[in-house]
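>>> structure here, sequence nowhere to be found:
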Ligand code: ADP
Ligand code: ZN
Ligand code: ZN
């Protein structure tokens, strides 16, 4: 047996793999991820390496292959864990080992030796109110008052001084520019230190704890999670129920035990408002990872984590791979979110990878959501995950909103062809009069051009796959799972109406319609186009929070975790847009979006109303969302999943092929389907092959795209079928011009 070894990982040489012979005596003690000592180079220098795979054969002269020197034992280090995770990702989701390693280990970049700069207000704690009022008086600089307000909120040290905060923390948490900070130093408002004068030691920071006293339910949830021996816990709490406070309690307890915590938040929800809550409580022990960091900064953060300089990292999916050696907990907020699934190979889901990692180091995983994924909820019901519910909003005076459903078929019958139902329009008028705020939400993501009847709401679906058909040029409707096609019918098959058409509207159009209907209202828009500038998402959000506009129009970007106390009305313009996205997750996504959007209304003491506009008011996703009843949704959805063998009832292996030559691609994909079929037959396994069919985007820049699905309840089988496909690809020369990607349990349409 030969071991594939990467040598000196710190040098970032992930692509170079060396083979070593595994002596009989070591065969038992070496496994993937093991740290080994190997003779290296001409002088047989002894160096450290990691085993990333095994093989029975070798491309080299066996006589020249050197044996492993020794296996380093002891506990699994973070690096061992990462390599194992990479290997598992490659196996389960599909990718090369190198792609997988690059996912879990950052590229090494030279980090310039930086002097760490620390800042604090020049005043003492007692002088703070005076300083603050003089700064706020000076109206010329909003940024400066924002900075000082942030600084002066710090509760200070026991001896009445302010804490020192690193430059990174100050800039990220206060949201001001470097220039503002510099100016404040120059003016003598803030003092600077480039020594680590007061790096707050572990457990010595009173923080802001005690600002919020946990309710009994919150405390019970935290206690139960800590005491229950199960590894994974689902914290299922309605929007505003105080999940974040529970996370912080858990984090504090972990830190007390000298263990580290990773908090994952979808990138889009990683806003100043969220992040400052963590900073406020844990100060510099928290490090925030975001896409604005350069490779160098990211590597620096990696090294600090490795040295144990930080206890908590808050970040998107990739923060999961922070090399903490004392990892105690991984918290995944909004665990149902699609952003946790990687769009690059290996197309891992962070929730799964988190469980793998946690298992290796005895950590806990806490999944939080107001609308849990059907997958997680199923596991919680079965008892595999602990289930903890928060059924009420944490703030006493904020109740869940009233939800109204507006039937767009009815509006159509009453000759109201505008995008606002009469109910929504009337309520918007009322709010504007009362100077309250409104959010209008257009759930465009996953919009795939489904075709429906505007008169009765009937949606054309694939008779094999029970997903909606999508419209293509030339009036053709297609199923993107099995390839079924049919022309768009002239009249509705259900009611005979001729108003059968695709549904299309964008946020810009909505903005324009608002202007027409309410010329006096001030409107802000937030979507991908509006958020092109680096900070403009923060600007839009803070402007809206400061009530500089009455109405915020946006896509799902506006529903994630933002807290706007003055919003008392949320309008969901077309619930159907995401309901018929053409994949099995469409209803789950829709229900989640509707509930999250509704949850934006009435977060504070003002009562909130929600209007859901839809052609399908009787659809269970809409009805359950209107009743804010997750269980009702789940009960229906799980029946559909079981009936159609969609996750969690089965797993889905995706094989996506891309090639410039359509005929070659067709032949190759058919070959893969056939080979899978033979394997299934030979092993008498239970699996179903769907396709190959054209992908949703059937032609990319220079290549045709086709996709093959295999459904089976056996993950093991789907792993072997991937390996079978890889073998087939190696044997057949025609695959040389075909680019194949694998996926497992996709969350979007291919
Ligand atoms: P979630 O994460 O579940 O949406 P949050 O943790 O953001 O909920 O809490 C919602 C609001 O309620 C926040 O403004 C938070 O400060 C407040 N809150 C949470 N827990 C408490 C508590 N125990 N006492 C008072 N206010 C609380
Ligand atoms: Zn109809
Ligand atoms: Zn189909």
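Thanks, I have it. Not measured: the values here are computed from a predicted model. Residues are numbered from 1 along each chain as shown. Ligands and ions are numbered 1, 2, ... in the order given.
>>> excluding chain neighbours, what is closest to the residue of the stretch 551-700 of the chain found nearest ligand 2?
At 9.5 Å from ligand 2, residue 615 is the closest residue in the stretch 551-700 of the chain, using CB to the ion. The C-beta positions use only the backbone N, C-alpha and C, and glycine is treated the same way. Setting aside the residues directly before and after it, residue 615 is nearest to residue 457 in space (CB to CB, 6 or more residues apart in numbering), at 3.5 Å.
>>> pLDDT below threshold where in the stretch 601-750 of the chain?
Residues of the stretch 601-750 of the chain meeting the criterion pLDDT under 70: 602-605.
>>> please identify which helix or strand holds the closest residue to ligand 3 within it.
In the stretch 601-750 of the chain, no residue comes nearer to ligand 3 than residue 690, which is 7.3 Å away by CB to the ion. Using DSSP states H and E, residue 690 maps to strand 688-699.
>>> about what we covered before: surely the residue of the stretch 551-700 of the chain closest to ligand 2 and residue 455 touch.
No. The criterion here is CB atoms under 8 Å, and residue 615 misses it with residue 455 at 9.2 Å.
>>> common neighbours of these two, please.
residue 409 (CB atoms under 8 Å, 6 or more residues apart in numbering).
>>> what's the burial count for the closest residue to residue 584 other than its chain neighbours?
Spatial nearest neighbour of residue 584, chain neighbours left out: residue 646 (4.0 Å); criterion: CB to CB, 6+ apart. Residues within reach of residue 646, counting by other CB atoms under 10 Å, total 23.
>>> tell me which element residue 646 falls in.
Residue 646 is part of no helix or strand, with elements assigned from DSSP H and E.
>>> what do you get for residue 725?
In this structure, residue 725 sits in helix 715-731 according to DSSP H and E.
>>> buried set for the next helix or strand after that helix?
Going down the chain from helix 715-731, the next helix or strand is strand 739-744, by DSSP H and E. By neighbour count on 16 or more other CB atoms under 10 Å, the buried set for strand 739-744 is 740, 741, 742, 743, 744.
>>> contacts only, for the residue of the stretch 551-700 of the chain closest to ligand 2.
So residue 615 contacts 407, 408, 409, 452, 453, 454, 457, 574, 576 (CB under 8 Å, 6+ apart).
>>> same question, residue 709
Contact analysis of residue 709 by CB under 8 Å, 6+ apart lists 481, 652, 653, 654, 655, 689, 690, 691.
>>> picking that back up, quickly note the distance from the residue of the stretch 551-700 of the chain closest to ligand 2 to ligand 1.
As for residue 615, its distance to ligand 1 is 30 Å (criterion: CB to the nearest ligand atom, to the nearest Å).
>>> what of residue 667?
On the measure of CB to the nearest ligand atom, residue 667 and ligand 1 end up 52 Å apart.
>>> assign a three-state SS to that residue, would you?
Recorded secondary structure, residue 667: helix (DSSP: H, G, I helix; E, B strand; the rest coil).
>>> how about it, nearest residue that isn't a chain neighbour?
The shortest distance from residue 667 to any non-neighbouring residue, by CB to CB, 6+ apart, is to residue 734 (6.5 Å).
>>> tally of neighbours for the residue in the stretch 1-150 of the chain that ligand 2 sits nearest to?
Closest to ligand 2 within the stretch 1-150 of the chain is residue 93: 41.3 Å, counting by CB to the ion. For residue 93, the number of neighbouring residues by other CB under 10 Å comes to 26.
>>> which outside residues touch stretch 453-468?
Applying CB under 8 Å, 6+ apart, the external contacts of stretch 453-468 come out as 408-409, 412-413, 448, 450-452, 469, 477, 479-482, 484, 486, 488-489, 492-495, 497, 499-501, 576, 580-584, 586, 614-616, 640, 644, 690.
>>> apply 7 Å and report the result again.
The contact list for stretch 453-468 (CB atoms under 7 Å, 6 or more residues apart in numbering) reads 409, 412, 450-452, 469, 477, 479, 481-482, 484, 492-495, 497, 499-501, 580, 582-584, 615-616, 644.
>>> narrow the residues you listed to those in strands?
Secondary structure from DSSP state E places 451, 452, 477, 500, 501 of the contacts of stretch 453-468 in strands.
>>> where does the prediction get shaky in the stretch 301-450 of the chain?
397-398, 444-449.
>>> quick one: the strands in it?
Per DSSP state E, counting those that start in this stretch, the stretch 301-450 of the chain carries strands over the ranges 312-315, 327-333, 364-369, 386-390, 402-407, 437-441.
>>> will you turn those strands into a markdown table that also has mean neighbour count and distance to ligand 1?
Converted to a markdown table, the strands of the stretch 301-450 of the chain look like this (neighbours: other CB atoms under 10 Å; distance: least, CB to the nearest ligand atom, whole Å):
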| stretch | mean neighbour count | distance to ligand 1 |
| --- | --- | --- |
| strand 312-315 | 24 | 14 |
| strand 327-333 | 25 | 7 |
| strand 364-369 | 26 | 7 |
| strand 386-390 | 21 | 7 |
| strand 402-407 | 19 | 18 |
| strand 437-441 | 26 | 16 |
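>>> can you say which of those strands is nearest to ligand 2?
strand 402-407 (13.5 Å).
>>> share the number of residues neighbouring residue 391, please.
Number of residues near residue 391 (other CB under 10 Å) recorded here: 10.
>>> going forward, the N-terminal residue is numbered 15.
Renumbered: residue one is now 15, and that last one reads residue 405.
>>> what about burial for the ones in strands among the contacts of stretch 467-482, which qualify?
Using 16+ other CB under 10 Å, the buried ones in the ones in strands among the contacts of stretch 467-482 are 465, 466, 491, 514.
>>> in contact with the first one, which residues?
Listed by CB under 7 Å, 6+ apart, the contact set of residue 465 reads 474, 483, 485, 491, 502, 514, 515, 516.
>>> give me the nearest residue to the first one, chain neighbours excluded.
Leaving aside its chain neighbours, residue 474 sits nearest to residue 483 (4.8 Å; criterion: CB to CB, 6+ apart).
>>> and if you look at residue 682?
residue 752 (4.9 Å).
>>> and what of residue 602?
Counting by CB to CB, 6+ apart, the residue nearest residue 602 is residue 388, at 5.5 Å.
>>> with respect to residue 247, which of the buried ones among the ones in strands among the contacts of stretch 467-482 is nearest?
residue 466 (40.0 Å; CB to CB).
>>> what count of nearby residues applies to the closest residue to that closest one other than its chain neighbours?
Distances taken as CB to CB, 6+ apart put residue 473 closest to residue 466, at 4.6 Å, once the chain neighbours are dropped. The tally of other residues near residue 473 (other CB under 10 Å) stands at 18.
>>> got it, and the one 3 residues further on?
Burial of residue 476 is recorded as 21 neighbouring residues (other CB under 10 Å).
>>> re the thing from before, please tell me how far the residue nearest to residue 682 sits from residue 762.
Noted for residue 752: a distance of 22 Å to residue 762, by CB to CB, to the nearest Å.
>>> please apply the same query to residue 471.
Between residue 471 and residue 762 the distance is 25 Å, computed by CB to CB.
>>> those two - which one has more neighbours?
The residue with more neighbours, out of residue 471 and residue 762, is residue 471; 21 against 16, by other CB under 10 Å.
>>> identify the residues contacting residue 40.
Contacts of residue 40 by CB under 7 Å, 6+ apart are 82, 85.
>>> right, I mislabeled it, should have said residue 181
Neighbouring residues of residue 181 by CB under 7 Å, 6+ apart: 131, 133.
>>> phi first, then psi, for it.
As for residue 181, its main-chain torsions (degrees, to the nearest 10) stand at phi -60, psi -40.
>>> and what of residue 597?
phi -140, psi 170.
>>> would you confirm that it contacts residue 763?
Yes. Look at residue 597 against residue 763 with CB atoms under 7 Å: they come within range, at 4.3 Å.
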